[in-house]
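In: mind looking at a prediction? Sequence and model below.
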Amino acid sequence: MKSSMTLSCLYHSSLERSLIGFAFFSSTLAALGCYFIGQYFALSVVTSAVISILFLAIYLKLFIRTYKKVINSFNRNYAHLDAILNEDYNQLVKPSYQAGSIHQLQQSLIELSEELFKKKSRYDQHIFLVYQLIEHFNVPIMVLDQYNKLSYANNAFSEFKQTQWQTLRYASAEQLGLTKQDAHWQFSDVITAQQWQIRHSEFIEQGSCHQLIVMIDITSALRESQLQAWQQIIRVLGHEIRNSLTPVTAMAENLAVKLTEPRQIQALNVISECCNYLNEFVTRYGDINKPLALNIVAIDTDTFLKQVCAIYPDVAFSCVTDAATFKADRTFIHQVMINLIKNAIEASTPPVKITLGVHKQGKVSCITIDDNGQGLANPDNIFVPFYTTKQQGQGIGLSFCRNVIEQHHGSLSLANKEKHQGAVATILLPV
């Protein structure tokens, strides 16, 4: 009831109705005044009425002209305000009057429009600078529009996707491999999620909310510094060891030729073998972090597993697969499997039982090596170069395996089984 009364009051108190009511009231008084003035000067009733009607017509014509001008002024002001709300600052109202309240109102609207245009220009310049900065960052960055579709990205993102980002413009977040959970963006791909984290923020551009998504490689910085440190150590050790081993090997071989005592010859042969072993060790570890020339092909799962199992006839293998093929470099993945199975055998006591599995998980091939051994003594350090729990271990096998898998754009992880004895090595390879 109260709302109805308010609307009624607003309707009856509108400017248009007030002007029309005032015109009707004042014109009626003016017409009556003209009529009585005519009667006062002893004019006939008809003459007085005609004068009144003519006066009324002239009055109404002037009123209608003024009414239209006033209403048009407010309509133009309304159109100007609507343009401002839509951030269109090119439409400026031409003042209807040279002075007065309406003139002041229209001048204020013009000043407001000009000030907002200046602020928008500065904001657009800031946005332009932001996009320029994004372009020069060496981390993948993308911008999603109000519909969560790709509107912009930098060169680092193109390198990450291995294609120009313009070819992915207007692709949805799902097509880009992104999901949003609890207001946080995440990667839907398991391998990518293990290697990258997402930081995001929101900003307003042209009145719409956009998402700024920054992809952070959580392994590259630490891995790069570690790699540089180890490579420096390798260079120093390799240089010193080779300089020392070369003369020792040469002397041992020369003495072995001259001596006739079997035990002495055997001792020198052991020295030569040890020197060759150390030299091979330095060379092998020095090469494990170099880029590999991979030849990715489709590998038949059953044939591959049979070849691997045939190398270890004393091990009780069981194979569980639901993928006919997977993609990898045949030579390197074969070497990785041999290293991982060898580790599993060395960690187990007879009878050794190992389960090999190859499964498809969406766009990922999952290869597992499940053993019944003693498990991992220190899972946190298994990939640290030179770290080993074996008495005669070198601590480079798992580093080599991880390097090979990561150059496949995959991941390698090892973990102890929760409910049973043993460990599981898991290789994730992109399909």
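Out: Noted; the coordinates are in hand. Numbering: from 1, shown residues only.
In: what about stretch 184-193, how long is it end to end?
Out: End-to-end distance for stretch 184-193, by Cα to Cα, to the nearest Å: 13 Å.
In: pLDDT on that stretch, on average?
Out: Stretch 184-193 carries an average pLDDT of 83.
In: and for stretch 252-269?
Out: For stretch 252-269, mean pLDDT is 76.
In: how about it: buried residues?
Out: Using 16 or more other Cβ atoms under 10 Å as the test for burial, stretch 252-269 gives Ala252, Ala256, Leu268. C-beta coordinates here come from the backbone N, C-alpha and C atoms, glycine included.
In: repeat that for stretch 406-417.
Out: Under 16+ other Cβ under 10 Å, the buried positions of stretch 406-417 are Gln407, His408, Gly410, Ser411, Leu412, Leu414.
In: relative to Gln107, how far out is Met251?
Out: For Met251, the distance to Gln107 (Cβ to Cβ, to the nearest Å) stands at 102 Å.
In: repeat that for His80.
Out: Applying Cβ to Cβ to His80 and Gln107 gives a distance of 11 Å.
In: neighbour count: these two, which is higher?
Out: More crowded of His80 and Gln107, by other Cβ atoms under 10 Å: His80, with 19 against 12.
In: any idea how far Gln104 is from the more buried one?
Out: 14 Å.
In: with Pro247 instead?
Out: Relative to Gln104, and taking Cβ to Cβ, Pro247 is found at 100 Å.
In: also Gln175?
Out: Taking Cβ to Cβ, one finds Gln175 at 54 Å from Gln104.
In: same question for Phe137.
Out: With Cβ to Cβ as the criterion, Phe137 and Gln104 are 50 Å apart.
In: just to revisit the earlier point, if we only consider the buried residues of stretch 252-269, which is nearest to Phe400?
Out: Proximity of the buried residues of stretch 252-269 to Phe400 (Cβ to Cβ) peaks at Ala252, which lies at 29.3 Å.
In: in what helix or strand does the closest one lie?
Out: Per DSSP states H and E, Ala252 falls inside helix 220-258.
In: so Ser27 touches Leu56, yeah?
Out: Yes. Counting by Cβ atoms under 8 Å, Ser27 does reach Leu56; the two are 5.5 Å apart.
In: tell me where the stretch 101-250 of the chain has strands.
Out: Here the stretch 101-250 of the chain has its strands, by DSSP state E, counting those that start in this stretch, at 141-144, 150-153, 178-181, 184-187, 196-205, 208-217.
In: okay, and which of the buried residues of stretch 406-417 map to strands?
Out: Judged by DSSP state E, the buried residues of stretch 406-417 include Ser411, Leu412, Leu414 as members of strands.
In: adding distance to Glu261 and pLDDT, write the residues you listed out as CSV.
Out: Putting those into CSV (distance: Cβ to Cβ, whole Å; pLDDT from 0 to 100) gives the following:
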residue, distance to Glu261, pLDDT
Ser411, 55, 90
Leu412, 50, 88
Leu414, 48, 86
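In: which of those residues sits closest to Phe304?
Out: For those, the minimum distance to Phe304 (Cβ to Cβ) is 17.2 Å, reached by Leu412.
In: what residues does the closest residue to the closest one other than its chain neighbours make contact with?
Out: On the basis of Cβ to Cβ, 6 or more residues apart in numbering, the spatially nearest residue to Leu412 that is not a chain neighbour turns out to be Ile405, at 4.3 Å. Residues near Ile405 by Cβ atoms under 8 Å, 6 or more residues apart in numbering: Val336, Ser411, Leu412, Ile427, Leu428, Leu429.
In: who does the third one bridge with?
Out: Looking back up the chat, that one is Leu412. Beta-bridge partners of Leu412, counted by DSSP bridges, are Ile427.
In: so what's it up against?
Out: Val336, Leu398, Cys401, Arg402, Ile405, Glu406, Ala425, Thr426, Ile427, Leu428.
In: what segments of this protein are helices?
Out: Applying DSSP state H to the chain gives helices spanning 2-12, 15-40, 45-85, 101-136, 155-161, 190-195, 220-258, 262-287, 301-310, 330-346, 397-407.
In: what angle sits between the second one and helix 45-85?
Out: Read it as helix 15-40. Inter-element angle recorded for helix 15-40 and helix 45-85: 160 degrees (by axes from the mean of the first three to the mean of the last three Cα atoms, to 10 degrees).
In: before we move on, what about the fourth one?
Out: On the basis of the same axes, to 10 degrees, helix 101-136 is oriented at 20 degrees to helix 45-85.
In: please identify the buried residues of helix 101-136?
Out: Of the residues in helix 101-136, Ile102, Leu105, Gln106, Leu109, Ser113, Phe117, Ile134 count as buried by neighbour count, 16+ other Cβ under 10 Å.
In: any idea what the residue nearest to Glu202 when sequence neighbours are not counted is bridged to?
Out: Spatially, and ignoring its direct neighbours in sequence, Glu202 is nearest to Cys209 (5.6 Å; Cβ to Cβ, 6+ apart). Cys209 has these beta-bridge partners by DSSP bridges: Ile204.
In: isn't Cys209 right up against Leu144?
Out: No. With contact defined as Cβ under 8 Å, Cys209 does not count as touching Leu144 (9.6 Å).
In: neighbour count for those two, which is higher?
Out: Leu144 (24 against 11).
In: dump the residue contacts of the spatially closest residue to the more buried one that is not a sequence neighbour.
Out: For Leu144, ignoring the flanking residues on the chain, the nearest one in space by Cβ to Cβ, 6+ apart is Gln211 at 4.0 Å. Going by Cβ under 8 Å, 6+ apart, Gln211 touches Val143, Leu144, Asn148, Trp185, His200, Ser201, Glu202.
In: before we move on, the earlier item: roughly how far apart are the residue nearest to Leu412 and Asp82?
Out: 61 Å.
In: ok, now how distant is Ala250 from Ile271?
Out: 11 Å.
In: of the two, which one has the most company?
Out: Counted by other Cβ under 10 Å, Ala250 and Ile271 do not tie: Ile271 has more neighbours, with 17 against 12.
In: the more buried one touches Val248, doesn't it?
Out: Yes. If you go by Cβ under 8 Å, Ile271 and Val248 touch, sitting 6.9 Å apart.
In: surely Gln186 meets Leu178?
Out: Yes. Judged on Cβ under 8 Å, Gln186 makes contact with Leu178 at a distance of 7.2 Å.
In: overlap in contacts, those two.
Out: Any residue near both Gln186 and Leu178 by Cβ under 8 Å, 6+ apart counts here, and that gives Ile198.
In: give me the more crowded residue out of the two.
Out: Using other Cβ under 10 Å as the criterion, Gln186 and Leu178 rank with Leu178 on top: 23 against 16.
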